[in-house]
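Asks: Could you look at this predicted model? Sequence included:
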Amino acid sequence: MDTQATRTRRSTRRSPGAGVPEPLVGAREAPPSRVRALLNNKWFLRVVVYGAIVIAFQVTAIVQGPFYLPTIPQILGGMVELFTEGHVLVLGPTLQQLVVGFILAMAIAIPLGVLMGRFRFAEDLLAPWVNTLFVTSKESLLPLIVLVFGLGFGYRVTVVVLFALFFPVINTAAGVRYVERELRETAEAFATPRWRMVTQVYLPAAAPFIVAGTRMGLAMAIKGMVIAEIWVYIGTGKLLSAFTLSPRRLDLYYALAIMIIAVAIALNELLKEAERRLRPFSQVQRET
């Protein structure tokens, strides 16, 4: 007896693709859960992490007491006091030495990195010195720098240059060294002069490497800026040291440290934006 089930099986064998359930009309994919959406939101994660750090800091400060750790309201009050008492003006010369030293470091590091990445003899000649100074503790060289440059502006700029120099050199050399062979051969086939090879081939193609090294160099430059002044007890370093001594003003210490960190974050975001803008240009150069 030809039952309904038998007819259905026969129809399934005859029809190509039969047996695969068709999607229901009007059916939609289930929306992602709210928890997953929050976990995929970077700003939510940042608020959670930073909020947890602030809460932990506040609780620890209350437990330990103001002699060991100021509370968040005390730090905010310290920021106001830095402005009202004129302490914030000390940041001016400190940032000046940072800017001058960092620009000098980049002016030295990028051409040096191009030479090391482009020419084998430059790599063989300079790499041992660069690698040795890169792994050497920069703080151990400060007495020698003081003897050579004294305690003035030149000393502080030199320290910033010393701290900021090596990451950009190494990254620039790596970026130039690994430019695609096809890109180099195409430019050489058109008899491109060497200086144009550098400006129109190597530097654009290595731009992401250079900016990444510059960002790391900036972090080291800020470190050198603070250490240089703490070492000789002047400027911002003098204030940071004084706020930890008698009378102990940790609220001002943390307020000033947070201001320095804020400057570093702002400069780093500018470099990240530059890196984002240069990345498509680098890809166009590689595809050309």
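Replies: In hand now; what should we look at?
Asks: measure the spatially most central residue of the chain to residue 251 for me?
Replies: Among the residues of the chain, the one closest to the centroid is residue 215, at 4.4 Å (Cα atoms, centre = their mean). Separation of residue 215 from residue 251 (Cβ to Cβ, to the nearest Å): 31 Å. Using the backbone N, CA and C atoms, a C-beta is placed for each residue, glycine as well.
Asks: Kindly report the same for residue 232.
Replies: Per Cβ to Cβ, residue 232 is found 25 Å from residue 251.
Asks: The two: who's more crowded?
Replies: Each of residue 232 and residue 251 had its neighbours counted (other Cβ atoms under 10 Å), and the higher figure belongs to residue 251 (22 against 17).
Asks: gap between the more buried one and residue 210?
Replies: From residue 251 to residue 210 the distance is 40 Å (Cβ to Cβ).
Asks: Repeat that for residue 103.
Replies: 15 Å.
Asks: Of these two, which one has the most company?
Replies: Legend: neighbour count by other Cβ under 10 Å for residue 103 and residue 210, higher for residue 210 (26 against 15).
Asks: Now the more buried one: closest residue in space that isn't a chain neighbour?
Replies: Once flanking residues are discounted, residue 210 sits nearest to residue 172: 5.1 Å by Cβ to Cβ, 6 or more residues apart in numbering.
Asks: Was I right to think residue 209 contacts residue 175?
Replies: Yes - the pair residue 209 / residue 175 is scored as a contact, 2.8 Å apart, by Cβ atoms under 8 Å.
Asks: how about residue 85, phi and psi?
Replies: When read as degrees, to the nearest 10, the backbone of residue 85 gives phi -90, psi 0.
Asks: Measure how buried it is and give me the count.
Replies: Residue 85, neighbours per other Cβ under 10 Å, totals 10.
Asks: same question, residue 96
Replies: When neighbours are counted by other Cβ under 10 Å, residue 96 comes out with 13.
Asks: circling back: so what's the residue nearest to residue 210 up against?
Replies: Residues near residue 172 by Cβ atoms under 8 Å, 6 or more residues apart in numbering: 109-110, 112-114, 116-117, 206, 209-210, 213.
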